[in-house]
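In: Quick one, what's the 3D model for this:
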Amino acid sequence: MLTNYIKIAWKVLLRHPFYTFITLFGISLTLTVLMVLTSFLDHLVGTHYPEMKRDRSLYLMLMVQRDSAHTGRSSGPMSFKFLTNYAKTLKTPERVTIFSAFNSSNAYVGSQKIKLKTKFTDADFWQVMDFKFLEGKPYNEQNIANGDYVVVITDDFRKQYFSDATESVIGKDVDIENIHYKVIGVVKGSPVTRPVTCADVYFPYTAPKSNYQRDGMRGGFMSILLARDKSDLPAINEEFQSRISQIPLPGVENGYKYTTLEVKSEPYAENFIGQIIDGGPGLKAILFGVIGFILFMLLGLPAINLVNVNVSRIMERGSEIGVRKAFGAPVRTLVWQFIIENIFITFIGGAIALLLTSIVIYFINSSGWIAYADLTINLSVFLISILVCLIFGFLSGVLPALRMSKLTIAEALKS
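Out: Got it, this is the predicted structure:
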């Protein structure tokens, strides 16, 4: 029976090229936009270079301090000292890294100024992350203990600073903020959409202007707790929160008196979404409003338009419906026939959308709009696309099918 329904759907597509074009155009365009958006969301929060261990990592990005009335709050990254005392000393993680938030510096090639994104890290940063070293190696604990003025740079900064792209730059000097550093390694860069790892130059945390010796709990550093296995994440979180609960309260930080202290250790996706939602009820309402509007524009309106097209297409098949009802076809059989036909047509549109999405993603990756962009159609994106095809096909087919299947035999034969 299913094969027959698909054969009928194929014949209907060939019979009316104009309706077919309108239907497939609406489906493929809608699904292309959804697939590209899904791919971009996966690019933001999924496991990708160089953060290949996100699935077994907990991120410590923000400290939140609140007063006794819970009417005020102070929040921001933590100090190196705080993270050393409360994160580095944890026993459950396989490894713990401490690194700074975004910093800015300048380098000069002659009279040309190069604006740089910089980051201060410990040696464990290179073990937790999976950077591809094009030349050299990362700095290690010995470099940090010696206070060596060494840096790891990206291939993009190498092209801007050094004139000969074919010559090795390991051991050469770079002048950043009037301080000479020796290049120890060159890595393939990370996209700006991954702020934890994105930078042009990576310094040891002992380099000037890192403020790693700052007292207090607040500062400019964050941390990642890497588990040996994903199953260890709850235990790591429990151990860390146990340490945080031992901090004496109330306290004073930069003149602000706080009575509660919160430092969440979360997977990256939860942390990313949580920071938006934690911005207050106004920001939360805006977020969900935007999501609802996008879903309505991408699914609701095209589905409504497609319903109208399907009604027109099915109305022409009134005599077929009348004959089938005259021979005793039940309403349920007729409804499922039209729904299956519509899902089949939607999957054809989905195949076209998959091709269009591949082209759009290739264009985004190669355009340079997002440096080091690596959008992909992976398994999760593909499965979500299949689910959307099913939902879209069902929504746009069920109403016309119900309307036509409930016609009397006389009405159907007249239409």
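In: In stretch 100-118, which residues are buried?
Out: Of all the residues in stretch 100-118, those buried under the rule 16 or more other Cβ atoms under 10 Å are 100, 103, 105, 107, 114, 116, 117, 118. To be clear about C-beta, it is placed using only N, CA and C from the backbone, and glycine gets the same treatment.
In: Phi and psi next, for the nearest residue to the first one once chain neighbours are set aside.
Out: Spatial nearest neighbour of residue 100, chain neighbours left out: residue 120 (4.1 Å); criterion: Cβ to Cβ, 6 or more residues apart in numbering. Reported as degrees, to the nearest 10, the phi and psi values for residue 120 are phi -100, psi 130.
In: if we can go back for a sec, please list the members of the buried residues of stretch 100-118 that lie in strands.
Out: Counting by DSSP state E, the buried residues of stretch 100-118 place 100, 103, 105, 107, 114, 116, 117, 118 in strands.
In: which one among the buried residues of stretch 100-118 gets closest to residue 361?
Out: Residue 361 lies nearest to residue 117 out of those, by Cβ to Cβ, at 24.9 Å.
In: Contacts only, for the closest one.
Out: Taking Cβ atoms under 8 Å, 6 or more residues apart in numbering, we find residue 117 in contact with 102, 103, 104, 192, 198, 199, 200, 201.
In: any idea how the protein splits into domains?
Out: Residue ranges for the domains of the chain, per automatic domain parsing: 2-47+283-414, 63-263.
In: Mean pLDDT lowest where, among those?
Out: Ranked by mean pLDDT, the domains of the chain bottom out at domain 2-47+283-414, which scores a mean of 72.
In: Tell me which residue is most central in the protein.
Out: Closest residue to the average C-alpha location of the chain: residue 44 at 2.1 Å, with Cα atoms, centre = their mean.
In: isn't there a strand covering that one?
Out: No - under DSSP: H, G, I helix; E, B strand; the rest coil, residue 44 sits outside any strand and is assigned helix.
In: so it touches residue 268, yeah?
Out: No - in this structure residue 44 lies outside contact range of residue 268 using Cβ atoms under 8 Å: 9.3 Å.
In: coming back round to it: could you export the ones in strands among the buried residues of stretch 100-118 as JSON lines, including distance to residue 134?
Out: Converted to JSON lines, these look like this (distance: Cβ to Cβ, whole Å):
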{"residue": "100", "distance to residue 134": "23"}
{"residue": "103", "distance to residue 134": "23"}
{"residue": "105", "distance to residue 134": "22"}
{"residue": "107", "distance to residue 134": "19"}
{"residue": "114", "distance to residue 134": "19"}
{"residue": "116", "distance to residue 134": "18"}
{"residue": "117", "distance to residue 134": "18"}
{"residue": "118", "distance to residue 134": "19"}
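In: Tell me how far stretch 43-53 lies from the chain's centre.
Out: Put simply, stretch 43-53 sits 8 Å off its chain's centre (Cα atoms, centre = their mean, to the nearest Å).
In: quick one, what contacts the spatially closest residue to residue 72 that is not a sequence neighbour?
Out: Of all residues not flanking residue 72 in the chain, residue 66 sits nearest, at 7.0 Å (Cβ to Cβ, 6+ apart). The neighbours of residue 66, taking Cβ under 8 Å, 6+ apart as the test, are 72, 73, 74, 258, 259, 260, 262.
In: what do you get if the cut-off is 10 Å, keeping everything else the same?
Out: 72, 73, 74, 75, 256, 258, 259, 260, 261, 262 (Cβ atoms under 10 Å, 6 or more residues apart in numbering).
In: got it, and residue 68?
Out: Taking Cβ under 10 Å, 6+ apart as the criterion, residue 68 is in contact with 250, 257, 258, 259, 260.
In: Quick check: of those, which lies closest to residue 82?
Out: Compare each of these with residue 82 using Cβ to Cβ and the shortest gap goes to residue 258, at 14.0 Å.
In: My guess is that closest one contacts residue 248. True?
Out: No - using Cβ atoms under 10 Å, residue 258 makes no contact with residue 248, being 11.6 Å away.
In: Of the two, which one has the most company?
Out: Counted by other Cβ atoms under 10 Å, residue 258 and residue 248 do not tie: residue 258 has more neighbours, with 21 against 6.
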